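> Fold the stuff below for me.
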Amino acid sequence: PELARHGGVPLPKLNAIKESLMTGAMIVGPALAGVMLAVFDPVVTVVVATAFYAAGIAFFQPVRAVYRRGPGASASAPSIFGTLSWLWQRRHLRSFIILLVLVMASISSIDDVILPALIDATTQNPTDIGWVLATYGIAAVISAMAYARFHDRVPDALVTRIGIAGVALFFAGLAMPISVGPFLAVTFVAGLLSGALGPIIDTRFLTDTPASRRLPMLAALGVLAIGAAPLMVVLHAAMIDRFGVEPLAAAIAGLLLLSLLLPLDRRA
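Here you go, the predicted model:
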């Protein structure tokens, strides 16, 4: 929020731009690394990556001059557990906590368990994994930029439900016996529908959390969203080994569709 005020940019637009940059980097970065590994010595790739990290640190320094503690912030911030309890007591924020955990748990093993297992059982072409992730990422960037442009014209609750439906559509596609071409089309549509979901969730928590609780809020959500990932990877792998990819994907799609019933409006 401090950066949004400093730059005179609406917070939803700023979060959408950030999401687009991050998703774009996740597509371009591995592609560039693959090209460099094919052309140059691996040491060169590592040196270039190190240079990018150094540039990131340098570019981040001006941000420190912009950031100021918000009104009401104190030197001793509330605890992570206390802040999570505070969030849980607000019904619409509780819904976004459930949604965040559910989505992160669903996608935590996409690139290292679900897609490799699916490709191994079908085309046996590892390149197809890259095509799927790139197709979704490009569509998600388009969606996030559209949200940045038109965020004030469509209710967030509606865009959130469209985003949930988009993620559910992706897993529904995984559950259907279709070839790579049609699945890439489904993936692109899913990315268009769900690309704004991340910026909306970020904006809701940043907007509705007091400045004094913002840092522990970010820490708490990070623990919830990322902490369960290793467990979900193991669980998904065990379920695929037992039942296969399609039943797991169908179950995830159904669970995501159930989350459409969550109360997402602030009036809740």
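
> Any stretches of the stretch 51-200 of the chain with poor pLDDT?
Low-confidence segments of the stretch 51-200 of the chain, defined by pLDDT under 70: 65-77.

> can we see that at 50?
70, 72-73 (pLDDT under 50).

> Now do the helices in it.
80-88, 91-107, 115-121, 127-150, 156-175, 180-194, 197-208 (DSSP state H, counting those that start in this stretch).

> Residues in contact with the first one: which ones?
In other words, helix 80-88. Contact with helix 80-88 is made by 78, 93-94, 97, 205, 209, 213, 216-217, 219-220, 223-224, as judged by CB atoms under 8 Å, 6 or more residues apart in numbering. For every residue, glycine as well, the C-beta is placed using N, CA and C.

> Can I get the buried part of these as one PyMOL selection?
Those of the contacts of helix 80-88 that count as buried under 16 or more other CB atoms under 10 Å are selected in PyMOL with:
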select buried, resi 78+93+97+205+209+213+216+217+220+224
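
> closest to A16 among the contacts of helix 80-88?
The nearest member of the contacts of helix 80-88 to A16, counting by CB to CB, is F205 at 14.9 Å.

> one step back: can you add distance to R153 and give the contacts of helix 80-88 back as a markdown table?
Below are the contacts of helix 80-88 laid out as a markdown table (distance: CB to CB, whole Å):
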| residue | distance to R153 |
| --- | --- |
| P78 | 35 |
| L93 | 24 |
| R94 | 27 |
| I97 | 27 |
| F205 | 22 |
| T209 | 25 |
| R213 | 30 |
| P216 | 33 |
| M217 | 28 |
| A219 | 33 |
| A220 | 32 |
| V223 | 34 |
| L224 | 31 |
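
> quick one on the thing from earlier: could you export the helices of the stretch 51-200 of the chain as a markdown table, including distance to A4?
Formatted as a markdown table, these follow (distance: least, CB to CB, whole Å):
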| stretch | distance to A4 |
| --- | --- |
| helix 80-88 | 21 |
| helix 91-107 | 19 |
| helix 115-121 | 35 |
| helix 127-150 | 12 |
| helix 156-175 | 16 |
| helix 180-194 | 23 |
| helix 197-208 | 9 |
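
> Between these, which one is closest to T50.
So among the helices of the stretch 51-200 of the chain, helix 127-150 is nearest, using CB to CB, at 24.1 Å.

> So which bits of that closest one are buried?
Under the neighbour-count criterion of 16+ other CB under 10 Å, helix 127-150 has 128-130, 132-148 buried.

> Same check on stretch 32-52?
Per 16+ other CB under 10 Å, stretch 32-52 contains these buried residues: 36, 45.

> and stretch 35-51, how far apart are its ends?
This stretch, stretch 35-51, spans 17 Å end to end (CA to CA, to the nearest Å).

> Check the offset of it from the chain's centre.
Counting by CA atoms, centre = their mean, to the nearest Å, stretch 35-51 is centred 27 Å from the centre of its parent chain.

> who touches that stretch?
Residues from elsewhere that reach stretch 35-51 (CB under 8 Å, 6+ apart): A33.

> What's the per-residue pLDDT of P230 here?
pLDDT for P230: 84.

> Quick check: which element contains it?
For P230, the element it lies in under DSSP states H and E is helix 229-243.

> Pull the residues that contact the next helix or strand after that helix.
Downstream of helix 229-243, the next assigned helix or strand under DSSP H and E is helix 245-258. For helix 245-258, contacts defined as CB under 8 Å, 6+ apart pick out 102-103, 106, 114, 117-118, 121, 164-165, 167-169, 171-172, 174-177, 236, 239-240.

> For the closest residue to V63 other than its chain neighbours, give its distance to A51.
What sits nearest to V63 in space, not counting adjacent residues and going by CB to CB, 6 or more residues apart in numbering, is L3, at 7.0 Å. Between L3 and A51 the computed distance is 25 Å (CB to CB, to the nearest Å).
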